[in-house]
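K.L.:
sequence below, structure please.
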Amino acid sequence: MLTILTLNGLQVVIYPADHRPAHVHVQGAGFEIVFDLNCPNGPLDVRNIKGKVSNASIRRVAKLIVPSLSNLCGAWRDIHGNYKNESIAAARKTEEVIGPCAVAARYRRSIAKIEVDFDNGVTLVVPVALIQGLGASDVDLNSDRDFPDGLGLALS
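P.N.:
Residues are numbered from 1 along each chain as shown. Purely as a prediction, here's the structure:
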């Protein structure tokens with residue numbers, strides 16, 4: 001976790017191993033709000049809220065962050081590269097090397113793990129309990145799924 005800003009006692013952080021699209025986690029006393037940045041020009045969108053926080057407080061937090069949007073987008077780009085998955089698709093069209101892409105995924109209910117197969121032959125096995133914002137009860141993958149673009153894994 002990298003603290004990018006501290007505003008009125010709030011920490012605005014970006015996780016180095018986090019996912020697209022560009023977003024920040026704003027941590028306060030007893031809550032965390034995740035804002036999608038919609039780089040480079042916004043607007044901020046609330047993606048997730050943990051803990052108790054009023055709508056008025058969410059608006060105040062967003063107002064504090066907006067003046068720093070370009071700095072936050074720059075920090076995201078420095079840490080993660082391009083802002084959006086569309087950048088990956090564009091790179092693929094120009095045949096730039098962008099790394100392995102997912103080709104299939106399975107949920108192994110008996111061991112509560114998700115397996116993701118990549119086009120380079122690697123299979124990633126992740127315990128569901130370690131996936132941010134996802135619990136075993138949230139997963140309903142009853143069969144293998146293919147992901148032709150390799151850019152996303154949709155769990156429903």
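
K.L.:
every contact and neighbour count from this point should use C-alpha atoms.
P.N.:
OK.

K.L.:
pLDDT at the residue nearest to the spatial centre of the chain, what is it?
P.N.:
In the chain, the centroid-proximal residue (CA atoms, centre = their mean) is His19; its distance is 3.4 Å. Looking at His19, its pLDDT reads 80.

K.L.:
that's a strand at it, yeah?
P.N.:
No - His19 is assigned coil when assessed by DSSP: H, G, I helix; E, B strand; the rest coil, not a strand.

K.L.:
contacts only, for it.
P.N.:
Contact analysis of His19 by CA atoms under 8 Å, 6 or more residues apart in numbering lists nothing.

K.L.:
buried sites along stretch 118-133?
P.N.:
118, 128 (16 or more other CA atoms under 10 Å).

K.L.:
and the residue in the chain sticking out farthest from the centre, how far from Pro127?
P.N.:
Here the chain reaches farthest from its C-alpha mean at Ser110, the gap being 26.6 Å by CA atoms, centre = their mean. As judged by CA to CA, to the nearest Å, Ser110 and Pro127 stand 11 Å apart.

K.L.:
and Asp36, by the same measure?
P.N.:
Between Asp36 and Pro127 the distance is 26 Å, computed by CA to CA.

K.L.:
skipping adjacent residues, who's closest to Gly9 in space?
P.N.:
Closest residue to Gly9 apart from its sequence neighbours, by CA to CA, 6 or more residues apart in numbering: Gly28 at 7.0 Å.

K.L.:
how many neighbours does that neighbour have?
P.N.:
Other residues within reach of Gly28 by the criterion other CA atoms under 10 Å amount to 17.

K.L.:
any idea what it is bridged to?
P.N.:
On the basis of DSSP bridges, Gly28 is bridged to Phe31.

K.L.:
isn't it right next to Asn8, touching?
P.N.:
No - at 9.4 Å, Gly28 does not count as touching Asn8 under the criterion of CA atoms under 8 Å.

K.L.:
low-confidence ranges, the protein, go.
P.N.:
82-99, 132-156 (pLDDT under 70).

K.L.:
can you do 90?
P.N.:
1-4, 15-22, 38-42, 74, 76-156 (pLDDT under 90).

K.L.:
no further queries at this time; thank you.
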